[in-house]
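J.: just a sequence and a predicted model for now, questions to come.
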Amino acid sequence: MRFGVVVFPGSNCDEDAYHAAKDVFGQEAEYLWHKDTDLKGADALILPGGFAHGDYLRTGAMARFSPIMREVQAFADRGGPVLGICNGFQILLESGLLPGAMLRNRSLKYRCEHVHLRVEQTDTPFTNAARVGQVLRIPIGHGEGNYFAPSDLLEKLEANRQIVLRYTDPDGRIDEAWNPNGSVHAIAGLCNERRNVVGMMPHPERACELLLGGLDGRLIFESVVAAMAMR
Amino acid sequence: MRARVFVTLKPSVFDPQGKVIADALHSLGYGSVADVRQGKYFELDLSTAEPAQARQLATEVADKVLANPVIESYRIEVD
């Protein structure tokens, strides 16, 4: 399969995502510049981490005006799998591909550490290789990952089973002490109603090789490779 | 004309920065400052002399770019 990795001015995890797709998983990968209007035949898209357009106004706020986002939207509307990681997740929120918004971390500190995530949903193209309840250890690195949704939206997200990953303790129990940023309902990742667009604050591309301290991020990539193979 | 746009977090949204500033003020002895909410302030210099048009333009810019309606609200002054 072919991954398309979107590159905005200020993206800084694009090469990591490309490396994981190409070198770790042996798949084809293409960079897609934010001014491009062609997805170069990508089967799945990754919006990587970083600081798109500098994040001066709000994280991810300007990226939705990049020309490539029209193509990303159309690709998502056709059911194509789209994964937003960290800043990519923030961009998906700002562009309306996923509901809700990000606030500054409750601690106001940039948090860069490994966290534990409980897989809540496995019927998305990015979690189908995992088990419900499985705990993954994957790093985060962000200052604005405090997910917020108004209460009516939260009820809808829970009812529609759109919360894909939650921050937990190492045993998979929700505990505010293990919530690194204050996200409501300990939300670390969520999907759209159609379940083809997934956003997550942790960085799976940084957890695909033992050299980097863990392999749990592989499940995210293996899921989409498996999903594409079954088409 | 000039438009001033004040963007603040909605009252229902917790403001971590405002909370820290309020705590800092309390530790400085300003116990009578009950709460602080931090926001953003934008001045738009507009090439129109028509107040209604200035307000309409500022509203459009605020809706589209300056504020995120999920978490923020805004107020506009035109002069």
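T.: The structure has been received and is ready for your questions.

J.: and the gap between B:Thr12 and chain A?
T.: Just so we're on the same page, residue B:12 is Ser rather than Thr. Remark: distance between B:Ser12 and chain A (CB to the nearest CB, to the nearest Å) = 7 Å. C-beta coordinates here come from the backbone N, C-alpha and C atoms, glycine included.

J.: now do the same contact list for residue 37.
T.: You didn't pick a chain, so chain A it is. Contacts for A:Thr37 (CB atoms under 8 Å, 6 or more residues apart in numbering or on different chains) come out as A:Pro67, A:Ile68, A:Arg70, A:Glu71.

J.: right idea, wrong chain: chain B
T.: Counted by CB under 8 Å, 6+ apart, B:Arg37 has contacts B:Thr8, B:Leu9, B:Asp15, B:Gly18.

J.: A:Ile68 too?
T.: A:Ile68 sits in contact with A:Val6, A:Leu32, A:Trp33, A:His34, A:Lys35, A:Asp36, A:Thr37, where contact means CB under 8 Å, 6+ apart.

J.: got it, and A:Gln162?
T.: For A:Gln162, the contacting residues are A:Gln121, A:Lys156, A:Leu190, A:Cys191, A:Asn192, A:Glu193, A:Arg195, by CB under 8 Å, 6+ apart.

J.: among the contacts of A:Thr37, who's most crowded?
T.: A:Ile68 (23 neighbours; other CB atoms under 10 Å in any protein chain shown).

J.: what about A:His203, how many neighbours?
T.: Neighbour number of A:His203 under other CB under 10 Å is 24.

J.: now do the same for A:Met102: its pLDDT.
T.: Listed pLDDT for A:Met102 reads 97.

J.: give me the subset of the contacts of B:Arg37 touching chain A.
T.: B:Leu9 (CB under 8 Å from any CB of the partner chain).

J.: can you map out the helices along chain A?
T.: Per DSSP state H, chain A carries helices over the ranges A:14-19, A:68-77, A:87-94, A:151-159, A:218-229.

J.: do chain B as well
T.: Going by DSSP H, chain B shows helices at B:16-27, B:51-61.

J.: can you mark which positions in the shortest one are buried?
T.: Of the residues in helix B:51-61, those with enough neighbours to count as buried (16 or more other CB atoms under 10 Å in any protein chain shown) are B:Ala54, B:Arg55, B:Leu57, B:Ala58, B:Val61.

J.: same question for stretch A:150-162.
T.: Neighbour-count burial for stretch A:150-162 [16+ other CB under 10 Å]: A:Pro150, A:Leu153, A:Leu154, A:Leu157, A:Gln162.

J.: okay, strands next: where are they in chain A?
T.: Remark: strands assigned in chain A by DSSP state E are A:2-7, A:28-33, A:44-47, A:82-85, A:101-103, A:111-119, A:135-142, A:146-148, A:163-168, A:187-191, A:197-200.

J.: to chain B, which of those strands lies closest?
T.: strand A:101-103 (4.0 Å; CB to the nearest CB).

J.: now do that closest one: which elements does it pack against?
T.: Packing contacts for strand A:101-103, counted by 3 or more CB pairs under 8 Å, 6 or more residues apart in numbering or on different chains; DSSP states H and E, involve helix A:87-94, strand A:146-148.

J.: could you see whether chain B lies near the longest one?
T.: Just to be clear, that refers to helix A:87-94. Yes - counting by CB under 8 Å from any CB, chain B has neighbours in helix A:87-94: A:Leu93, A:Glu94.

J.: and residue 69, what does it touch?
T.: Using chain A. Contacts of A:Met69 (CB under 8 Å, 6+ apart): A:His34, A:Ala63, A:Ile91, A:Ser95.

J.: my bad, the chain I had in mind was chain B
T.: B:Asp63.

J.: can we see that at 10 Å?
T.: A:Ala101, B:Lys10, B:Ala62, B:Asp63 (CB atoms under 10 Å, 6 or more residues apart in numbering or on different chains).

J.: isn't the second one up against A:Leu103?
T.: No - because the distance of 11.1 Å does not satisfy CB atoms under 10 Å, B:Lys10 is recorded as not touching A:Leu103.

J.: the more surrounded of the two?
T.: In this view B:Lys10 and A:Leu103 are compared by other CB under 10 Å, and A:Leu103 has more residues nearby, 23 against 14.

J.: mind listing what that one touches?
T.: Contacts of A:Leu103 by CB under 10 Å, 6+ apart are A:58-59, A:144-148, A:181-184, B:9, B:13-17, B:71.

J.: in the least confident helix or strand in chain B by mean pLDDT, which residues are buried?
T.: The helix or strand of chain B with the poorest confidence is helix B:16-27; it has a mean of 95 (mean pLDDT, DSSP states H and E). Buried positions in helix B:16-27, judged by neighbour count with 16+ other CB under 10 Å: B:Pro16, B:Gly18, B:Lys19, B:Ile21, B:Ala22.
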